[in-house]
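> Sequence first, predicted coordinates after that:
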Amino acid sequence: MQDALHVGVKRAMAVVCSGFSYDMEVVSHGFVTDISKTDAENEERLHALIDDAEVPRERLAKLFEPEVLPPETGSGVGEDGEGRDAN
């Protein structure tokens, strides 16, 4: 699971970097606060940014799913909870 997280973060940073110029080292430290704002104002801004990222996150995650998530395999258990025969 941790590997999947790291691959996803790396891919997301590469996507952003492909269209924008930014310092990856600064971004790797997380949310950048505005020192002229209060903690509460920065927290409100963070939550607004997270909310704004929801739809694009879904779209980008779907692009990464084949690379990040293992392929689904059958569990060998039928819909009724019984094991299936191998034939």
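Good, I have the coordinates.

> When you work out contacts or count neighbours from here on, use the C-alpha atoms and nothing else.
OK.

> Can you get me a residue count around Gly8?
19 (other CA atoms under 10 Å).

> can you list contacts of the helix or strand that it is a member of?
Using DSSP states H and E, Gly8 falls within helix 2-19. Helix 2-19 is contacted by residues 24, 60-61, 64, 68-69 when judged by CA atoms under 8 Å, 6 or more residues apart in numbering.

> Narrow the residues you listed to those that are buried.
Val68 (16 or more other CA atoms under 10 Å).

> circling back: in PDB, list the C-alpha atoms belonging to the helix holding Gly8.
The C-alpha trace of helix 2-19 is given here as PDB (Å, rounded to 0.1, in the frame of the first residue of the first chain):
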ATOM      1  CA  GLN A   2       2.800   2.400   0.800                       C
ATOM      2  CA  ASP A   3       4.500   1.700  -2.500                       C
ATOM      3  CA  ALA A   4       1.200   2.600  -4.300                       C
ATOM      4  CA  LEU A   5       1.000   5.900  -2.300                       C
ATOM      5  CA  HIS A   6       4.600   6.800  -3.300                       C
ATOM      6  CA  VAL A   7       4.000   6.000  -7.000                       C
ATOM      7  CA  GLY A   8       0.800   8.100  -7.000                       C
ATOM      8  CA  VAL A   9       2.500  11.100  -5.300                       C
ATOM      9  CA  LYS A  10       5.500  10.900  -7.700                       C
ATOM     10  CA  ARG A  11       3.200  10.700 -10.700                       C
ATOM     11  CA  ALA A  12       1.000  13.600  -9.400                       C
ATOM     12  CA  MET A  13       4.200  15.800  -8.900                       C
ATOM     13  CA  ALA A  14       5.400  14.900 -12.400                       C
ATOM     14  CA  VAL A  15       2.000  15.800 -13.900                       C
ATOM     15  CA  VAL A  16       2.100  19.200 -12.200                       C
ATOM     16  CA  CYS A  17       5.700  19.800 -13.200                       C
ATOM     17  CA  SER A  18       4.900  19.000 -16.800                       C
ATOM     18  CA  GLY A  19       2.600  22.000 -17.100                       C
END
